[in-house]
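Peer 1: Just to be clear, the model below is a prediction. Sequence and coordinates:
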Protein chains: 2
Amino acid sequence: MAKCSINKNTRQHQLSRYLNEDPFLTDDDLSRIFGVSIQTIRLDRFDLHIPELRERLKNVARGGNRQLRTMDGGELVGDLVDLDIGNSGISILPVTPAMTLNKTSVARGHHIFAQANSLAVAVIDAGAALTGSARVSYKRPVYCGEKILAKAVIKIKKGNKYMVKVTSEVKDEIVFKGKFLVFALQEEGVSQ
Amino acid sequence: MAKCSINKNTRQHQLSRYLNEDPFLTDDDLSRIFGVSIQTIRLDRFDLHIPELRERLKNVARGGNRQLRTMDGGELVGDLVDLDIGNSGISILPVTPAMTLNKTSVARGHHIFAQANSLAVAVIDAGAALTGSARVSYKRPVYCGEKILAKAVIKIKKGNKYMVKVTSEVKDEIVFKGKFLVFALQEEGVSQ
DNA sequence: ACTATTCTTGGTACCAGGTACTAATTTTTT
DNA sequence: AAAAAATTAGTACCTGGTACCAAGAATAGT
């Protein structure tokens, strides 16, 4: 029972590792990988208390679901790549399938707006800022997979009011332009 | 075809929202929810290019981990409470802590924009529509816990171009106004 | 060498949640 | 009343399994 047992144990060990790295593997995939029958794989999974593919995917999907909800991590939509507070800022937003319309692979407008708006607010030198009004135009559709580079520049400052211009581009082609009137909130929590 | 078309369209809209919120729903679940046959649900999914449960879970499992949703994910931001396609629509968006600025409990502008924009697009009688430009203004801050009621009305229609006015209120007080110029995409699936 | 035990494999019936297709029926429009 | 659109019904088939049973192969203990 030694030799065989070792084989079995190592196989189960590896199987466990394989599935940890790639929960998408079917029993059929695994039977090919290890060169054993599909039944053997099933018995292995049973021994290791590893559920079937669909259950595994459900678990992964559920686990991911919980983290969702909160929205892009922070205050900003997109990744900040440059920020000169009080003057200008640049952010990049990769367009994922989740941002597109169902039927097409075109990014929905409010995502592009969100990137621009949050960047406009971020460049303001204040603890918090609010958008008062905006005038925006979409120059061409943005497709799934493209990366939107937004540049915000403060054009006018009057007291706690700012006029910020944002231009969004994909590969040097302008896809969106917006003018944002933003108010700085100077009260309470300017904090850190 | 009008009345029926509306029913079908609203159902498909809601179906899309349901699945965006909970990709774990089976066709059977959905057929119970909407009180239609399972075949109708399948046809709806087909129209909307929504893949089957397992594919959806694979997608969530694959992408869900990292490429979170930037915003609420659904076709529509907020809950659709009334939709007269080609004319008007109403949606409600409860403001959650996740939508507010760090220090204050004020909703960030792009969420309010997103509700209005997605509603403006939803009232268009076409398979898909894109925002061309928008002019918006924020009348007063909206606080966490409040519910934003957005009303969209199509004002002008010229070919595939629409002008949609959206007014958002909290308890009869106007908090946001927007004018959206929206283009219908007439290709393929303008649905029936 | 022979048996007992473990390991592996094969086969069958069954299930969920579908796809793909055809046809009939109901509803709505004209 | 006829035509078109929407819905429902039904069938065959698919994947990736479960659950179970029986047969065959490998190995250990004596």
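Peer 2: Thanks, I have it.
Peer 1: Show me what the longest helix along chain A is packed up against.
Peer 2: Longest helix in chain A by number of residues (criterion: DSSP state H): helix A:2-21. Of the remaining helices and strands, those touching helix A:2-21 by 3 or more CB pairs under 8 Å, 6 or more residues apart in numbering or on different chains; DSSP states H and E are helix A:27-34, helix A:38-48. Where C-beta positions appear, they are placed from N, C-alpha and C, glycine not excepted.
Peer 1: angle of the last one against helix A:2-21?
Peer 2: In terms of direction (axes from the mean of the first three to the mean of the last three CA atoms, to 10 degrees), helix A:38-48 departs from helix A:2-21 by 80 degrees.
Peer 1: Give me the helix or strand of chain A that scores worst on average pLDDT.
Peer 2: Across the helices and strands of chain A, mean pLDDT, DSSP states H and E gives its lowest value to helix A:53-67, namely a mean of 72.
Peer 1: Nearest to B:His13 among the helices and strands packed on helix A:2-21 would be which one?
Peer 2: helix A:27-34 (38.3 Å; CB to CB).
Peer 1: That closest one near DNA strand D anywhere?
Peer 2: Yes - for helix A:27-34, a contact with DNA strand D is found by CB under 7 Å from any atom of the strand, at A:27-28.
Peer 1: Can you confirm whether that helix lies near DNA strand C?
Peer 2: No - contact between helix A:27-34 and DNA strand C is absent, the nearest approach being 7.5 Å (criterion: CB under 7 Å from any atom of the strand).
Peer 1: Other residues contacting that helix?
Peer 2: Applying CB atoms under 8 Å, 6 or more residues apart in numbering or on different chains, the contact partners of helix A:27-34 are A:11, A:14-15, A:18-19, A:25, A:37-38, A:40-42, A:45, A:52-53.
Peer 1: do that again at 6 Å, thanks
Peer 2: Residues from elsewhere that reach helix A:27-34 (CB atoms under 6 Å, 6 or more residues apart in numbering or on different chains): A:11, A:38, A:41-42.
Peer 1: So which of the residues you listed reach DNA strand D?
Peer 2: Under the cut-off given by CB under 7 Å from any atom of the strand, DNA strand D has A:Arg42 from those close to it.
Peer 1: Which of the contacts of helix A:27-34 are buried, as a PyMOL select command?
Peer 2: Selection command for PyMOL covering only the buried members of those, criterion 16 or more other CB atoms under 10 Å in any protein chain shown:
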select buried, chain A and resi 11+41
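Peer 1: Out of the contacts of helix A:27-34, flag the one nearest to DNA strand D.
Peer 2: Set against DNA strand D, the nearest of these by CB to the nearest atom of the strand is A:Arg42 (4.6 Å).
Peer 1: Contacts only, for the closest one.
Peer 2: Contacts of A:Arg42 (CB under 6 Å, 6+ apart): A:Asp27.
Peer 1: and chain A, what are its domains?
Peer 2: Chain A resolves into domains spanning A:2-68, A:71-185 when parsed by automatic domain parsing.
Peer 1: Point out the most buried one among those domains.
Peer 2: Of all these, domain A:71-185 has the most neighbours on average by mean count of other CB atoms under 10 Å in any protein chain shown, namely a mean of 19.
Peer 1: Return, as residue ranges, the portions of chain A with sub-threshold pLDDT.
Peer 2: A:1-6, A:63-75, A:96-98, A:101-104, A:127, A:186-192 (pLDDT under 70).
Peer 1: hmm, back to that, I'd like the domains of chain A laid out as CSV, including distance to B:Leu83.
Peer 2: Shown next, in CSV, are the domains of chain A (distance: least, CB to CB, whole Å):
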stretch, distance to B:Leu83
domain A:2-68, 26
domain A:71-185, 16
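Peer 1: And those: which comes nearest B:Lys157?
Peer 2: Short answer: domain A:71-185, nearest of the domains of chain A by CB to CB, at 18.7 Å.
Peer 1: Hmm, A:Asp79 and A:Ile90 touching each other?
Peer 2: No - the pair A:Ile90 and A:Asp79 does not pass the contact test of CB atoms under 6 Å, sitting 9.6 Å apart.
Peer 1: one step back: so for A:Lys179, which of the helices and strands packed on helix A:2-21 sits nearest?
Peer 2: helix A:27-34 (54.0 Å).
Peer 1: C-alpha coordinates for the closest one, CSV please?
Peer 2: Taking C-alpha atoms only, helix A:27-34 is exported to CSV below (Å, rounded to 0.1, in the frame of the first residue of the first chain):
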residue,chain,number,x,y,z
ASP,A,27,-12.9,16.9,-13.1
ASP,A,28,-12.2,16.1,-16.7
ASP,A,29,-9.4,18.6,-16.9
LEU,A,30,-7.9,17.2,-13.8
SER,A,31,-8.2,13.6,-15.0
ARG,A,32,-6.2,14.6,-18.0
ILE,A,33,-3.6,16.5,-15.9
PHE,A,34,-3.0,13.5,-13.6
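Peer 1: Taking helix A:38-48 as reference, get the angle to that helix.
Peer 2: Using the same axes, to 10 degrees: helix A:27-34 against helix A:38-48 is 100 degrees.
Peer 1: Could you single out the nearest of the contacts of helix A:27-34 to DNA strand C?
Peer 2: For the contacts of helix A:27-34, the nearest to DNA strand C is A:Arg11 (6.4 Å; CB to the nearest atom of the strand).
Peer 1: Check the gap between A:Ser37 and chain B for me.
Peer 2: With distances taken as CB to the nearest CB, to the nearest Å, A:Ser37 is found 24 Å from chain B.
Peer 1: same check, this time on A:Asn59
Peer 2: Distance, A:Asn59 to chain B, by CB to the nearest CB: 8 Å.
Peer 1: try A:Tyr162
Peer 2: From A:Tyr162 to chain B the distance is 13 Å (CB to the nearest CB).
Peer 1: That residue pairs with what?
Peer 2: A:Lys157, A:Val182 (DSSP bridges).
Peer 1: That one reaches A:Phe183, doesn't it?
Peer 2: No - judged on CB under 6 Å, A:Tyr162 makes no contact with A:Phe183 at a distance of 7.7 Å.
Peer 1: list the contacts for the nearest residue to A:Asp27 once chain neighbours are set aside?
Peer 2: In space, and not counting its chain neighbours, A:Asp27 is closest to A:Ile41: 4.7 Å by CB to CB, 6 or more residues apart in numbering or on different chains. Shown in contact with A:Ile41 (CB under 6 Å, 6+ apart): A:27, A:30-31.
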